[in-house]
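>>> curious how this folds, go ahead:
(one chain, ligands or ions: 1)
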Amino acid sequence: MTDSEISLKTAAARALMGRCPCCGKGKLMKSYLKQVENCSVCGESFGQIRADDAAPWLTIILVGHVFLPFAFMVNVRRPTVADASTRLQTRRTGAG
Ligand SMILES: [Zn+2]
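I've put the predicted structure just below:
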């Protein structure tokens, strides 16, 4: 490996930090879901790389795991007055 070659581990770590995988200094994203066309420091081209729906899909997966338990908590059936009345009748008659 020469000095100009970058290991996959280093490139992936730089990209996960939002930095250019090539130089590690320039920004990789210009907004939350949009990448830059070229690195502002080293000029590496990223325009040909398309992630398509990967970023929104990953966001939905992560946010879904956070909010899904709350959705189940809200969807719990609460006892009604009719349920309480039925329970009281059952207790009085001894049936059930
Ligand atoms: Zn760069």
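
>>> residues from the protein in reach of the ion?
Contact residues (C-beta under 5 Å from the ion) of the chain with the ion: 20, 22-23, 26, 39, 41-42, 44. Backbone N, C-alpha and C define where each C-beta goes, glycine included.

>>> can I get these in a markdown table with secondary structure?
Output for the residues of the chain next to the ion, formatted as a markdown table (DSSP: H, G, I helix; E, B strand; the rest coil):
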| residue | secondary structure |
| --- | --- |
| Cys20 | coil |
| Cys22 | coil |
| Cys23 | coil |
| Gly26 | coil |
| Cys39 | coil |
| Val41 | coil |
| Cys42 | coil |
| Glu44 | coil |
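
>>> what are the buried residues along stretch 23-41?
For stretch 23-41, a neighbour-count test (16 or more other C-beta atoms under 10 Å) marks 24, 26, 28, 35-36, 39 as buried.

>>> farthest pair within those?
Gly24 and Gln35 (15.7 Å; C-beta to C-beta).

>>> return the member of the buried residues of stretch 23-41 nearest to the ion.
Relative to the ion, the closest of the buried residues of stretch 23-41 is Cys39; by C-beta to the ion it sits at 3.0 Å.

>>> enumerate every residue touching that closest one.
20, 22-23, 25-28, 46 (C-beta atoms under 8 Å, 6 or more residues apart in numbering).

>>> flag every buried residue along stretch 41-58.
Phe46.

>>> in this protein, which helix is the longest?
When the chain is parsed with DSSP state H, its longest helix is helix 54-74.

>>> report the next helix or strand after that one in sequence order.
Next in sequence after helix 54-74, counting helices and strands by DSSP states H and E, comes helix 81-93.

>>> could you give the number of residues near the nearest residue to Pro21 once chain neighbours are set aside?
Closest residue to Pro21 apart from its sequence neighbours, by C-beta to C-beta, 6 or more residues apart in numbering: Ala11 at 3.8 Å. With neighbours defined by other C-beta atoms under 10 Å, the count for Ala11 comes to 15.

>>> roughly how far apart are Ala11 and Asn75?
Distance, Ala11 to Asn75, using C-beta to C-beta, to the nearest Å: 44 Å.
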